[in-house]
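Visitor: Got a predicted model here, sequence first, then my questions.
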Amino acid sequence: MSIKYPILALLGAFLTFYLARHNRFDGIRASAALSIIAYLIIDALGFNADLYAVVFFGGTFIGMSAPHRFGIYTITSASIIFSLLFEYLVPIFDGYGGALGVSAFLSVCICHVFILLGALRSKKPHN
């Protein structure tokens with residue numbers, strides 16, 4: 001697995017998480033704006049924009065998931081789990097769309113289940 005996937009997922013998650021906290025943005029607007037910007041940057045750098053922008057976009061799903069329940073460590077864990085699941089689910093789902101949604105959903109669910117089972121909750125950043 002390439003280190004690019006976790007880095008892009010982490011960037012997408014944290015940038016969305018923090019941008020969504022501003023008055024003019026909510027989670028959906030933050031995800032959309034950041035995904036467009038990321039696609040343009042990745043394409044300008046000459047990388048495979050179709051693949052890497054999708055990984056970034058999946059990270060934004062995590063960043064806008066339950067911002068009142070998740071903190072920094074949980075978002076980090078979910079992003080890393082997402083990147084692992086995404087890489088292995090793309091061949092199974094024959095495309096990015098299904099793998100993207102399922103990976104993001106499962107990564108957030110896994111972290112939430114661990115919290116419910118008593119795992120230490122990460123501290124949420126103060127407003």
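Guide: Here it is on my side, so go on.
Visitor: In contact with residue 6, which residues are there?
Guide: Neighbour list for residue 6: 79-80, 83 [criterion: Cβ atoms under 8 Å, 6 or more residues apart in numbering]. C-betas here are computed from N, CA, C, even on glycine.
Visitor: Extract the CA atoms of the helix or strand harbouring it and return them as CSV.
Guide: Residue 6 is part of helix 4-19 when elements are defined by DSSP states H and E. What follows is helix 4-19, C-alpha atoms only, in CSV (Å, rounded to 0.1, in the frame of the first residue of the first chain):
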residue,chain,number,x,y,z
LYS,A,4,-0.2,8.5,-0.4
TYR,A,5,-3.6,7.0,0.5
PRO,A,6,-3.4,7.6,4.3
ILE,A,7,-1.9,11.0,3.8
LEU,A,8,-4.6,12.1,1.4
ALA,A,9,-7.4,10.7,3.6
LEU,A,10,-5.9,12.4,6.7
LEU,A,11,-5.7,15.7,4.8
GLY,A,12,-9.3,15.4,3.6
ALA,A,13,-10.6,14.5,7.0
PHE,A,14,-8.8,17.1,9.0
LEU,A,15,-9.3,20.0,6.6
THR,A,16,-13.0,19.2,6.4
PHE,A,17,-13.3,18.8,10.2
TYR,A,18,-11.7,22.2,10.8
LEU,A,19,-13.2,24.1,7.9
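Visitor: Please identify the buried residues of that helix?
Guide: Across helix 4-19, burial judged by 16 or more other Cβ atoms under 10 Å covers 5-17, 19.
Visitor: Just send those back as TSV, with distance to residue 94 and pLDDT too.
Guide: Below are the buried residues of helix 4-19 laid out as TSV (distance: Cβ to Cβ, whole Å; pLDDT from 0 to 100):
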residue	distance to residue 94	pLDDT
5	19	94
6	23	96
7	26	96
8	22	96
9	21	96
10	26	96
11	27	97
12	23	96
13	26	95
14	30	95
15	29	95
16	27	94
17	31	91
19	32	92
